[in-house]
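> Model the following, please.
(one chain, ligands or ions: 2)
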Amino acid sequence: MVEDSDQNYGRNVNKSVLLKIVILGDGGVGKSCLMSRFISNHFDDHNFHTIGVEFMNKMIEVGGKQYTLQIWDTAGQERFKSLRTPFYRGTDICILAYAIDDRSSFNNIKTWLNEFLHYAGVKNGIEKFPFIVVGNKSDVSSKDREVSYEQLKQWCEENKIATYLETSAKTDNNVLEAFSLSVQRWADLEQKAEKELRMYHHPDTVTLHGSNNVTGFRATCCSRFTSL
Ligand SMILES: Nc1nc2c(ncn2[C@@H]2O[C@H](COP(=O)(O)OP(=O)(O)OP(=O)(O)O)[C@@H](O)[C@H]2O)c(=O)[nH]1
Ligand SMILES: [Mg+2]
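Numbers count the residues shown, from 1 in each chain. Ligands and ions are numbered 1, 2, ... in the order given. Presented below is the predicted three-dimensional model:
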């Protein structure tokens, strides 16, 4: 979605693209902390579980372009499933989070991925949707680490997810990078999709050899992303 700001002889000079981002992952992996670190550069060592969903907006510049990120922080506990899943539709970017000191939260990433694919209605393949896998709590000591960076890399390669990194909401390690990288991934996929559309979107006459001549052929476009 493009928001109008300044108009210059009918031409938009400042455009901000609005992107909806959802953060998913087990309860306690640090989704709310990642959001508040990104939005207000604040870390709270609390222990409150999120109930349902909450969202906040923040502007960010990536690759010289302005984006307004609408970040949806969801409740990771199983009992809140019916409260969070209705909000998956219309998502532009999905962050799958686990904690590096919690092996089972890493094992559950696949379940989160499948839940998102199902309720968001993503049909065009994982590799065409901007997912990012984030291993949070990178500040924990090496003796508490239960998932290595190599395991993260391997899992993402096997599951066709190109973007992943480790973060710490506590020490502010890679938090801005995680959001920037996911926007960059969105922009790359968008550019690729537009290119593909241009290739197919030919109003020209197409003549087939043989007995059947097809005239005025125009390929229909379909969006890569789901929408509300
Ligand atoms: N060491 C460390 N602790 C963190 C980090 N991020 C979050 N925590 C702690 O982990 C606990 C859970 O963080 P939350 O952000 O509430 O977790 P959540 O994923 O939002 O959990 P739900 O709302 O239940 O889904 C809190 O006690 C945080 O202080 C981090 O980067 N490092
Ligand atoms: Mg939370």
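> and Thr111, how many residues sit next to it?
Each residue near Thr111 was counted by other Cβ atoms under 10 Å, and the total is 12. Where you see a C-beta, it was placed from the backbone N, CA and C, and this is true even at glycine.
> Oops, could you answer that again for Ile95 instead?
Neighbour count of Ile95, defined by other Cβ under 10 Å: 27.
> give the contact list for the nearest residue to it once chain neighbours are set aside.
Excluding the flanking residues, the one nearest Ile95 by Cβ to Cβ, 6 or more residues apart in numbering is Ile23, at 4.5 Å. Contact partners of Ile23, counting by Cβ atoms under 8 Å, 6 or more residues apart in numbering, are Lys31, Leu34, Met35, Ile71, Trp72, Asp73, Thr74, Ile95, Ala97.
> If we use 6 Å, what do you get?
Contacts of Ile23 were listed using Cβ atoms under 6 Å, 6 or more residues apart in numbering, and they are Lys31, Asp73, Ile95, Ala97.
> Local confidence estimate at it?
What the model reports for Ile23 is a pLDDT of 98.
> Over to the one 5 residues further on?
Per-residue confidence (pLDDT) for Gly28: 96.
> three-state assignment of it?
Of the three states, Gly28 takes coil under DSSP: H, G, I helix; E, B strand; the rest coil.
> Remind me what the longest helix along the chain packs against, helices and strands.
Scanning the chain for the helix with the most residues, using DSSP state H, yields helix 175-200. Judged by 3 or more Cβ pairs under 6 Å, 6 or more residues apart in numbering; DSSP states H and E, the packing partners of helix 175-200 are helix 31-40, strand 53-62, strand 163-166.
> What does the residue nearest to Ile95 show for phi and psi?
Phi and psi for Ile23, reported as degrees, to the nearest 10, are phi -110, psi 120.
> Can you show me the helices along the protein?
Counting by DSSP H, the helices of the chain are 31-40, 81-84, 103-107, 109-120, 149-158, 175-200.
> Check whether the longest one comes near ligand 1.
No - among the residues of helix 175-200, none lie within reach of ligand 1 under Cβ under 6 Å from any ligand atom; the closest is 8.6 Å away.
> neighbours of Pro86, just the number please.
Pro86: 10 surrounding residues under other Cβ under 10 Å.
> how close does it sit to His49?
19 Å (Cβ to Cβ, to the nearest Å).
> got it, and Tyr164?
Applying Cβ to Cβ to Tyr164 and His49 gives a distance of 25 Å.
> When the two are compared, which one has more neighbours?
Neighbour comparison, Tyr164 and His49: the larger count goes to Tyr164, with 20 against 13 (by other Cβ under 10 Å).
> so the more buried one makes contact with Trp155?
No - applying Cβ atoms under 6 Å, one finds Tyr164 not in contact with Trp155, separated by 8.2 Å.
> Contact partners for Tyr164?
With contact set as Cβ under 6 Å, 6+ apart, Tyr164 has these partners: Val133, Leu152, Cys156.
> again, but for Cys156
Counted by Cβ under 6 Å, 6+ apart, Cys156 has contacts Val133, Tyr164.
> measure it to Leu96 for me?
Per Cβ to Cβ, Cys156 is found 10 Å from Leu96.
> Overlap in contacts, these two.
Here Cys156 and Leu96 have Val133 as joint contacts, going by Cβ under 6 Å, 6+ apart.
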